[in-house]
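*Asks:* this is a predicted model, with the sequence first.
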Amino acid sequence: MTPAIDAAKRAGIAFHIHEYRHDPTAESYGEEAAAALGIDANRVFKTLLVAIAPAGLAVAMVPVNGMLNLKSVAKALKVKKVEMADPNVAERTTGYVVGGISPLGQKKRLPAVLDETALEFAGVWVSAGRRGLEIELSPGDLAALTSAVVAPIAARR
């Protein structure tokens, strides 16, 4: 059990857990998950942390086959500028390790933004709190559980 799974259970939402054997040499954790589980990469969302000056953090969720548009995230959060958070700070703040950071069950509730493409699907996958473990849930439940703003924040590769 992880804090992410516990959060989904407490919320009483419908969800499914998917486990796969994580390859420590994988270059992209999200793309590895999509391939290992046979899921369309557009439906697997990576959890990224961004830093907001002077000392804040926020969560951004985008498809694993996309890239985060920092200007769009700043606009969605109604701040002037954001930058990628230091991985060590992200781990300390969320309680998860990079590659297993879930938007659910983090140690501290952070502002969150979910890419609008999530709404195109009945279900999306995000990390369930460790490498090799994904949680599938509706995008509406994901947005509700993270109090996320839904906005166009992904740029396709």
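*Replies:* Ah, there it is.
*Asks:* what's the separation between the residue nearest to the spatial centre of the chain and residue 12?
*Replies:* Nearest to the geometric centre of the chain sits residue 47, at 2.5 Å (C-alpha atoms, centre = their mean). Plainly put, residue 47 is 22 Å away from residue 12 if you go by C-beta to C-beta, to the nearest Å. The way it works is simple: take the backbone N, C-alpha and C, and place the C-beta from them, glycine included.
*Asks:* again with residue 75
*Replies:* Distance, residue 75 to residue 12, by C-beta to C-beta: 33 Å.
*Asks:* more neighbours: those two, which one.
*Replies:* residue 75 (16 against 7; other C-beta atoms under 10 Å).
*Asks:* and the more buried one, which of the three is it?
*Replies:* Secondary structure for residue 75, judged by DSSP: H, G, I helix; E, B strand; the rest coil, is helix.
*Asks:* let's number from 7 now, not from 1
*Replies:* Okay, using 7 as the starting number, the last item reads as residue 81.
*Asks:* what comes up buried for stretch 100-118?
*Replies:* By neighbour count on 16 or more other C-beta atoms under 10 Å, the buried set for stretch 100-118 is 100-102, 105-112, 116-118.
*Asks:* oh sorry, the question was meant for stretch 120-129
*Replies:* Applying 16+ other C-beta under 10 Å to stretch 120-129 flags 120-121, 123-124, 129 as buried.
*Asks:* which of those sit farthest apart?
*Replies:* The largest separation in those, counting by C-beta to C-beta, is between 121 and 129 at 15.1 Å.
*Asks:* from the contact counts, what lies against the helix or strand where residue 135 lies?
*Replies:* Here residue 135, judged by DSSP states H and E, is contained in strand 130-136. Applying 3 or more C-beta pairs under 8 Å, 6 or more residues apart in numbering; DSSP states H and E, we find strand 130-136 packed against helix 9-17, helix 35-43, strand 51-58, strand 139-143, helix 145-152.
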